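Student: predicted model and sequence below, questions to follow.
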Amino acid sequence: MGFPKLVEGDHVGAAFPASVDVLLEDAPGHLTRLFRASGAIGPDNVVTEITHKREFFGGGMGRKMEIDVRYAHAAPDLPTRLFAKFTREFGDPLRELFSPVMDPEVRFAMLSRRTDFPVRVPWCLFGDYSVADKTGLLITERVPYGAEGVEPALEKCLDYQIADPLPYYEAQTRAIAALAAFHRSGQFGDAVERQFPFQPDSPAMVKVIPFDRAGLAEKLAALRAFAREAPQLLPPELTDPDVLDAFCADAPAVLEKEEALWAFLHGQSDLVALAHWNMNPDNAWFWRDQAGVLQSGQLDWGGVGQANIAQSYFGMVCAAETDFLDRHDAHLRALLLERLAALGGPTVDAELFDRCVLIATALLGVAWMLDAPALIAAEIADHASLADRYDPRIRDAFIPRAQLHLMTVFLWLWRRHDMGAAIRRFAA
């Protein structure tokens, strides 16, 4: 069966290449046509030449490319260094899982082209997605990491290599607040409701944990075994059998009360806004303004939509170091609420926000962060022989490193905030 070379998207309506190979058959011609369709260039402008192209891999989406171009009519605000992201190829077994994530990312990229957009994102030259074909293409300006005043890219779950992570997290916190305040103050008009309708009663919004009670029991048993076999990979307090017993006893309540917990989060209307769910600093770029204050721009908007911004906050801090959170978590929460109000958003009670963060942490942690033992074992069969979490065999392997750290932070937050007791009170 042949697969289509060109796909017509649902938003811009132009037929776009379904793969890198099709784009490269006539890159100047395809780019000219697409950029005219999106309004990135005028009808008298042309992409005349491709001066550089390099494919690279990263993340869960499809193939990615750096592309440098020349235009017939260059302009200071018309990017020449581009980044292109495709959905996975037809026939890829993971296509069904990953491709739909690009649809909201494309809608967001086109929304972000307005001149008053409240956070910095890569300027979009073209983006479209076909729901019927599960195919998308996104082309934006390319971030010049390590040049032109932009800091080198950060890596996930390696904050211990940063001398002072606080300014990075403050910049990200300000960005969460700026986007939420812009939305909650009505400055998007009806654009967000049209492009990202909030449907809190839909099954996808109230049933996120992807397993049942038996599946959870298997994951908890794997966690206990992991802590016995490789205790050197976890903080000492998290290998205490009593601590693990308490967590394993309380975690099923999150699964049992999932719909009610989500209903509570969705019901806090002042906190529901357009949000990025994964604002770890590795999904951003950073530079200093004229006053020397670190600023950030945001990347990787797959899955963007309306949500309680407590989810966005947890998505930011979940990859931080636990000693950093011990010192700065309260400051960052206060900064978020202060900036939200100062920028025209609602004034939110700090105790309510803390409760929302706790519930979001419990839900998202149980849903996504208990797979770490299985994922680590799949890539490092002899993980019990690792010296510690800094061992190069795990430090240099993205999935094991990230999964171990995300699980560790979740369990540390659970213990620090006595989430088990909080969930029991909620259930009662």
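Tutor: Happy to help now that I have it. Numbers count the residues shown, from 1 in each chain.
Student: ends of stretch 200-208, what's the gap?
Tutor: 12 Å (Cα to Cα, to the nearest Å).
Student: can you give me the strands in the stretch 1-150 of the chain?
Tutor: Applying DSSP state E, counting those that start in this stretch to the stretch 1-150 of the chain gives strands spanning 6-8, 15-17, 47-56, 64-71, 81-86, 124-130, 135-141.
Student: looking at those strands, which is nearest to residue 273?
Tutor: strand 124-130 (21.0 Å; Cβ to Cβ). In short, each C-beta sits where N, CA and C put it, glycine included.
Student: and that closest one, which strands flank it?
Tutor: Using DSSP bridges, the strands paired with strand 124-130 are strand 135-141 (antiparallel).
Student: return the set of buried residues in the helix or strand following the partner strand.
Tutor: Where DSSP states H and E defines the elements, the next helix or strand beyond strand 135-141 is helix 166-184. Buried residues in helix 166-184, counting neighbours by 16 or more other Cβ atoms under 10 Å, are found at 167-184.
Student: now do the contacts for the most centrally placed residue in the chain.
Tutor: The centroid of the chain falls nearest to residue 278 when counting by Cα atoms, centre = their mean (2.6 Å). Shown in contact with residue 278 (Cβ atoms under 8 Å, 6 or more residues apart in numbering): 300, 303, 315.
Student: out of those residues, which one sits closest to residue 3?
Tutor: Nearest member of the contacts of residue 278 to residue 3, counting by Cβ to Cβ, is residue 303, at 25.6 Å.
Student: contact partners for residue 44?
Tutor: Residue 44 neighbours (Cβ under 8 Å, 6+ apart): 72-73.
Student: where does it fall, phi/psi-wise?
Tutor: phi -100, psi 0 (degrees, to the nearest 10).
Student: ok so, going back, I'd like the strands of the stretch 1-150 of the chain written out as a markdown table, with distance to residue 381 and mean neighbour count added.
Tutor: Below are the strands of the stretch 1-150 of the chain laid out as a markdown table (distance: least, Cβ to Cβ, whole Å; neighbours: other Cβ atoms under 10 Å):
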| stretch | distance to residue 381 | mean neighbour count |
| --- | --- | --- |
| strand 6-8 | 41 | 17 |
| strand 15-17 | 40 | 23 |
| strand 47-56 | 28 | 13 |
| strand 64-71 | 30 | 18 |
| strand 81-86 | 33 | 21 |
| strand 124-130 | 39 | 25 |
| strand 135-141 | 36 | 25 |
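Student: let me know which of the ones you listed is the nearest to residue 391.
Tutor: Nearest to residue 391, of all the strands of the stretch 1-150 of the chain, is strand 47-56, at 26.7 Å by Cβ to Cβ.
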